[in-house]
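Undergrad: Sequence isn't available, so here's the structure alone:
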């Protein structure tokens with residue numbers, strides 16, 4: 001579901017960038033974020049409200065209020081910068097290339113988690129990673145052939 005919504009967001013955002021020339025990728029991301037908060041916050045409060053309160057209380061009890069607040073702020077800033085970078089990249093490439101870069105990013109994250117944190121790859125993760133690598137290789141090869149065809 002995440003990949004599907006990521007794909008829709010990329011395609012629709014790219015279309016919006018083409019349709020509204022005065023809207024920068026930074027502005028589009030800002031508007032998308034505000035709209036997402038307005039749509040998701042009420043639903044999250046209804047679905048997760050009590051669990052969220054308990055989770056925050058447990059985290060504050062374990063870390064202390066100051067450490068919890070600074071950690072939450074840091075994660076928020078890095079997540080925002082990550083998504084801002086993604087939108088700025090989307091402004092420069094087509095949505096399919098953007099999606100391929102996202103797949104490669106996920107493979108790097110999986111590999112890093114194995115190397116640095118000792119996570120064990122399940123059969124499902126290995127099959128998914130192999131499919132992602134194959135798809136990326138096929139896409140790259142087809143793009144290369146298409147460029148060579150137009151160059152000649």
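TA: Received the coordinates, thanks. Being a predicted model, the structure only gives us computed values, none of them experimental.

Undergrad: Could I get the average pLDDT for stretch 26-41?
TA: Mean pLDDT, stretch 26-41: 86.

Undergrad: That stretch: how far from the chain's middle?
TA: 14 Å (Cα atoms, centre = their mean, to the nearest Å).

Undergrad: What residues sit buried inside it?
TA: Buried positions in stretch 26-41, judged by neighbour count with 16 or more other Cβ atoms under 10 Å: 28, 29, 32. Backbone N, C-alpha and C define where each C-beta goes, glycine included.

Undergrad: now the residues you listed as JSON lines including distance to residue 63?
TA: Conversion of the buried residues of stretch 26-41 to JSON lines gives the following (distance: Cβ to Cβ, whole Å):
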{"residue": "28", "distance to residue 63": "35"}
{"residue": "29", "distance to residue 63": "30"}
{"residue": "32", "distance to residue 63": "31"}
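
Undergrad: from those residues, which is closest to residue 118?
TA: residue 29 (34.7 Å; Cβ to Cβ).

Undergrad: What residues of the helix or strand of the chain with the lowest mean pLDDT count as buried?
TA: Least confident helix or strand, the chain: helix 2-19 with a mean of 75, by mean pLDDT, DSSP states H and E. Residues of helix 2-19 classed as buried by neighbour count (16+ other Cβ under 10 Å): 9, 10, 11, 13, 14, 17.

Undergrad: closest to residue 114 among those residues?
TA: For the buried residues of helix 2-19, the nearest to residue 114 is residue 10 (27.3 Å; Cβ to Cβ).

Undergrad: Can you name the element that comes right after the longest helix seen in the chain?
TA: Scanning the chain for the longest helix, with DSSP state H as the assignment, gives helix 25-63. Sequence-wise, the next helix or strand downstream of helix 25-63 (DSSP states H and E) is helix 65-90.

Undergrad: which residues sit against stretch 98-107?
TA: In this structure, residues lying in contact with stretch 98-107 by Cβ atoms under 8 Å, 6 or more residues apart in numbering are 6-7, 10, 14, 86, 89-90, 93, 129, 132-133, 135-136, 139-140.
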